[in-house]
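>>> Structure of the sequence below:
(one chain, ligands or ions: 1)
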Amino acid sequence: MVFNSNAVDELTKKLEDALRLGEFQESKSVGEGSTHPHSDTGNAADNSVAVVPASSGDHESAQEEFSDVESFSSSSGEDSDDDITIYRGPPPPLTVYRPFLPEGTKSLFPSEGLSLDAIVDMIKSGTARNIIVMAGAGISTDAGIPDFRSPETGLYDNLQSYKLPYPEAIFSIDYFRRQPKPFYVLAKELYPGQFVPTKSHFFVKLLEKKGLLQRHYTQNIDCLERVAGIDPELIVEAHGSFHTAHCIGRKCLKEYSQAWVKKKIFQDEIPRCSVCNSLVKPDITFFGEGLPPRFFELLENDFGSCDLLVVMGTSLLVQPFASLINDVADSVPRLLINRVRVGEASAPGTGFDFDGKHVGRTHRDALVLGDCDAACVLLAERLGWTDELAELRSAFLEETNCLGQDQ
Ligand SMILES: [Zn+2]
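Residues are numbered from 1 along each chain as shown. As a prediction, this is how the structure comes out:
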C-alpha cells in the first residue's frame, strides 16, 4: 500500500473539511422525525450537517450563518483552510497543557496543570464511569488511511481524471447524483476492512471492556470502531457508515446489504436499484443530508448521564456534532486530545475554556496537545493499563493475521 500516513488526517475530516464547504450547505434535509435537541428554531434544516468557523462553537449561530446560502460553486474549495485550524505539519510533541488560571478561579481540578492526573484519578476511583468519547479523523490517522486530497497518493491521480470541481465535491449529494463514479472509486480505495484500528480505537475498546464507556460518538466513516470490536450498541456513527446502504430514489429508498454494495464497488460497477434504477449509496452522510436518526435518539440520555467527556482528534467544526461538547452538565470534566486547540468558547457555555477565562464558571476543561495515539498511550500508562492496551491490539493483529502492519 502506498499510503502517506502523514497526509492522512482523515477519512472523516473528509466531512469536516468538506463541510467547511458548508459555505454552500444545502437547506433541505432528510431524516424526518428526528429533532435536534438544541434546536430552538424548529427549522427542518437543523438536522443536516454544517460547519462553523473556529471562533464559534454555537449551533444556532451556525445555522444563521449558513442558512441563506443555497448554491454550490466550483471555486468554493479555494482558500478553504484559511478560517479553520487544521494541523497539516508533522506531529507536534505530546504536551499536557498547563493553564495559568486567573486568581480565584474555581476549578474541578485540584491544582493547576494537573488536570490530566485529576481525570486519571476520577477514572481510577470510579468517579467517572459513564464516559463519552467524541472522535474525529485524528483517531484514524495512524491507520494509514489515504488522504484523497493529497497529490502524493495514487488515489489523488485517480480522482483527478474525473475533473472534480473541488475534491470534497465527492461528498456532495448533488454532485453525486450527477456524477457518482468518483465517490465509488474513493469508496473502493477506502473500503472498511483494509485498515487496522489504531491505539486510540483500542483505548476506547478498553474503556468498554472496563464498563466505563457510555457511548462512542464518531464522525468517522471508516468503521474502525467496529473493526476494533467495540460493541455496535456503544457506537454512534454520527456521519453514517458503510454498514448499510439505500437506494437514493426519493420515492423508493430500498435498503441494500453491505455485501451487495461492496461486490459492485469492487467490480467497478455503479450500484443501481433493481426497482427504480436510482443510485444505491452507502449510508454515509453527505453534505445536504440529515444525520442518522440514532444520533438524535441517544443524545439526550447519553449526555445527560455522562460524567467525563473525552474529545479526540477532531477540529470540532462540523455541526451539530461540534456543539455536543456543551451538552454535558457544567460539573462534568472535559478532556480534549488534539493536535491543536479547538472548540474554545467565544462566550460562556459555548465551548471549551482551558484557561478559566469565563469568570464565574468552574474551570473543568483539560487539554492534551498531540497525536491521539500518543495521548492514549500516555493515558493508559497513567491508568496502569499499558499491558492491557497492548494485549488488545496484539490479539487483534494475531487474529486478523496483520502482524506485518504493526507500527
Ligand atoms: Zn430504488
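
>>> So what's the residue count around the closest residue to Pro110 other than its chain neighbours?
Using C-beta to C-beta, 6 or more residues apart in numbering and skipping residues adjacent in sequence, the residue nearest Pro110 is Ala118, 5.8 Å away. C-beta here means a position set from N, CA and C on the backbone, and glycine is covered the same way. Residues lying near Ala118 (other C-beta atoms under 10 Å) number 17.

>>> same thing with the one 10 residues further on?
When counting by other C-beta under 10 Å, one arrives at 21 neighbours for Ala128.

>>> So for it, what's the pLDDT?
Note for Ala128: predicted pLDDT of 96.

>>> Was I right to think it contacts Val120?
No. Ala128 is beyond contact range of Val120, at 9.6 Å (criterion: C-beta atoms under 8 Å).

>>> Quick check on Ala187: phi, psi?
Per-residue torsions, Ala187: phi -60, psi -40 (degrees, to the nearest 10).

>>> if I pick it, what's in contact with it?
Counting by C-beta atoms under 8 Å, 6 or more residues apart in numbering, Ala187 makes contact with 242, 265, 282.

>>> near the ion too, which of those?
Residues of the contacts of Ala187 in contact with the ion (C-beta under 5 Å from the ion): none.

>>> just the residues you listed now: which is nearest the ion?
Pro282 (14.7 Å; C-beta to the ion).

>>> Tell me which residues touch that closest one, please.
Contacts of Pro282 (C-beta under 8 Å, 6+ apart): 187, 240-245, 258, 261.

>>> Give me the buried subset of those residues.
187, 240-243, 245, 258, 261 (16 or more other C-beta atoms under 10 Å).

>>> TSV please, covering the residues you listed and showing pLDDT.
Conversion of these to TSV gives the following (pLDDT from 0 to 100):
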residue	pLDDT
Ala187	90
Gly240	91
Ser241	87
Phe242	89
His243	86
Ala245	95
Gln258	92
Val261	96
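
>>> Now, those that are in helices?
Cross-referencing those against helices under DSSP state H gives 187, 258, 261.

>>> Which residue comes closest to the second one once chain neighbours are left out?
This points to Gln258. According to C-beta to C-beta, 6+ apart, the nearest residue to Gln258 is His243 (5.8 Å).

>>> Can you tell me how far the one you found is from the ion?
His243 sits 19 Å away from the ion, going by C-beta to the ion, to the nearest Å.

>>> OK, contacts around that residue?
Per C-beta under 8 Å, 6+ apart, neighbours of His243: 223, 226, 237, 258, 282-283.

>>> ok so, going back, any chance of TSV for the ones in helices among the buried ones among the contacts of Pro282, columns distance to Ser315?
Below are these laid out as TSV (distance: C-beta to C-beta, whole Å):
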residue	distance to Ser315
Ala187	23
Gln258	29
Val261	29
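
>>> from those residues, which single one is nearest the ion?
Val261 (13.2 Å).

>>> Provide a list of residues in contact with the closest one.
242, 245, 271, 280, 282.

>>> mind listing the helices for the stretch 301-407 of the chain?
372-383, 386-400 (DSSP state H, counting those that start in this stretch).

>>> Please identify the deepest-packed of those.
helix 372-383 (a mean of 21; mean count of other C-beta atoms under 10 Å).

>>> Residues touching that one, excluding its own?
With C-beta under 8 Å, 6+ apart, helix 372-383 has contacts from 91, 94, 96, 116-117, 120, 123-124, 138-139, 141-142, 198-200, 202-203, 206, 312-313, 337-338, 368, 385-386, 388-389.

>>> From those residues, list the buried ones, please.
96, 116, 120, 123, 138-139, 141-142, 198-200, 202-203, 206, 312-313, 337-338, 368, 385, 388-389.

>>> Excluding covalently adjacent residues, which one is nearest to Pro192?
Per C-beta to C-beta, 6+ apart, closest to Pro192 is Cys223, 3.8 Å.

>>> what about the one you found, distance to Phe203?
17 Å (C-beta to C-beta, to the nearest Å).

>>> ditto for Lys254
38 Å.

>>> go on, Tyr256?
34 Å.

>>> what does Ala395 give?
Taking C-beta to C-beta, one finds Ala395 at 15 Å from Phe203.

>>> before we move on, back to that, okay if I get the helices of the stretch 301-407 of the chain as TSV plus distance to Phe354 and mean pLDDT?
Putting those into TSV (distance: least, C-beta to C-beta, whole Å; pLDDT from 0 to 100) gives the following:
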stretch	distance to Phe354	mean pLDDT
helix 372-383	15	96
helix 386-400	26	93
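
>>> for Val236, which residues make a bridge with it?
Under the criterion DSSP bridges, Val236 forms beta bridges with Tyr217.

>>> OK, contacts around it?
215-218, 292, 294-295, 298.

>>> May I ask which of these has the most neighbours?
Thr218 (32 neighbours).

>>> Chain neighbours aside, what residue packs nearest to that residue?
That would be Ala135: by C-beta to C-beta, 6+ apart, it lies 4.6 Å from Thr218.

>>> List the beta-bridge partners for that neighbour.
Thr218, Met312.

>>> what's the spacing between it and Leu224?
10 Å.

>>> Quick check: mean pLDDT of stretch 274-293?
Computed over stretch 274-293, the average pLDDT equals 92.

>>> can you list the residues of the stretch 51-200 of the chain near the ion?
Counting by C-beta under 5 Å from the ion, the stretch 51-200 of the chain has no residue next to the ion.

>>> where does the stretch 51-200 of the chain dip in pLDDT?
Residues of the stretch 51-200 of the chain meeting the criterion pLDDT under 70: 51-91, 111-114, 147-154.

>>> Which stretches in it count as helices?
Under DSSP H, counting those that start in this stretch, the stretch 51-200 of the chain gives helices at 59-66, 115-125, 154-160, 173-178, 181-190, 199-209.

>>> Done for today, thanks.
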